[in-house]
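**Student:** Sequence first, then the predicted structure:
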Amino acid sequence: MKRKKGFTLIELLVVIGVIAILMAMLLPAISKVRIAAQKTKARAQIKALEIAIKSYETTYGVLPVPGTGGGGVDEWDDLPTGVGDVPQNGNTTDATDYDKLLQILTQADITDSTYSDAATSDLNPDGKLLGNIRQTRFLDAPEKFGTRSYVDPWGNRFVIALDLDYDNNCTVDAVVLNRTVAIYSFGPDREDDQGKTSGTDSSSTDKADDIPSWKE
């Protein structure tokens, strides 16, 4: 009796089918693990930003704003209408103000204009000194900071709300928070849900998934 060699075509197809089924079962789990890891990283970035801003306030006695002279109390340039204390994030409208703040905190330059409108005359090599004359590095600049600024794992800038009128609270989407600094990430869906973690998102189709500093 001859010994059977190798696999038949049917056996190979069965094996391939079983592998495909296992992969289909594993991929959602792998995706969930990856998203969970990204959320953990985003929370760590938010905490680092919050600590940096509060350390600045301890050093200069005021919250960081892109003013002149270091530790000035100048208001943010071009605050968007209707958002109270929030220098709104995003990749276009207020990216320059956001990047000014990050230059002040990191003492590193943002010079590239291919990613956003970050490369402006206000962000020249001396720009980082305008609000931090002691040249103290309150936050380490991440990799590619010079071309992308300080962004979350999904590529968006964080939204930062500051108590610029020093009334011991700041406002996010008309919600008054009893804190001087409030920060949130757009989350995995990359959409601004005004700091909401539940309910429908800004597109009214998916669940809101922002990652705010004021919620666990």
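**Tutor:** Structure received. Residues are numbered from 1 along each chain as shown.
**Student:** Wasn't residue 49 part of a strand?
**Tutor:** No: assessed with DSSP: H, G, I helix; E, B strand; the rest coil, residue 49 is helix; it does not lie in a strand.
**Student:** Quick one: neighbours of it, just the number.
**Tutor:** Other residues near residue 49 come to 21 when the count uses other C-beta atoms under 10 Å. Bear in mind the C-beta positions are built from the backbone N, C-alpha and C, glycine included.
**Student:** contacting residues for it?
**Tutor:** 105, 139, 150, 158, 160, 183 (C-beta atoms under 8 Å, 6 or more residues apart in numbering).
**Student:** Next step: the residues you listed restricted to helices.
**Tutor:** Among the contacts of residue 49, the members falling in helices (DSSP state H) are residue 105.
**Student:** The contacts of residue 49 into JSON lines, with extra columns for pLDDT?
**Tutor:** As requested, those are exported to JSON lines (pLDDT from 0 to 100):
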{"residue": "105", "pLDDT": "91"}
{"residue": "139", "pLDDT": "95"}
{"residue": "150", "pLDDT": "89"}
{"residue": "158", "pLDDT": "88"}
{"residue": "160", "pLDDT": "87"}
{"residue": "183", "pLDDT": "91"}
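**Student:** out of the contacts of residue 49, who has the most neighbours?
**Tutor:** Using other C-beta under 10 Å as the neighbour criterion, residue 160 leads the contacts of residue 49 with 27 neighbours.
**Student:** distance of that residue from residue 180?
**Tutor:** The gap separating residue 160 from residue 180 is 11 Å, by C-beta to C-beta, to the nearest Å.
**Student:** Where does pLDDT dip in the chain?
**Tutor:** Within the chain, the ranges that satisfy pLDDT under 70 run 1-7, 66-94, 111-130, 201-205.
**Student:** where do the strands sit along it?
**Tutor:** Under the criterion DSSP state E, strands of the chain are mapped to 159-162, 170-172, 175-177, 181-185, 211-212.
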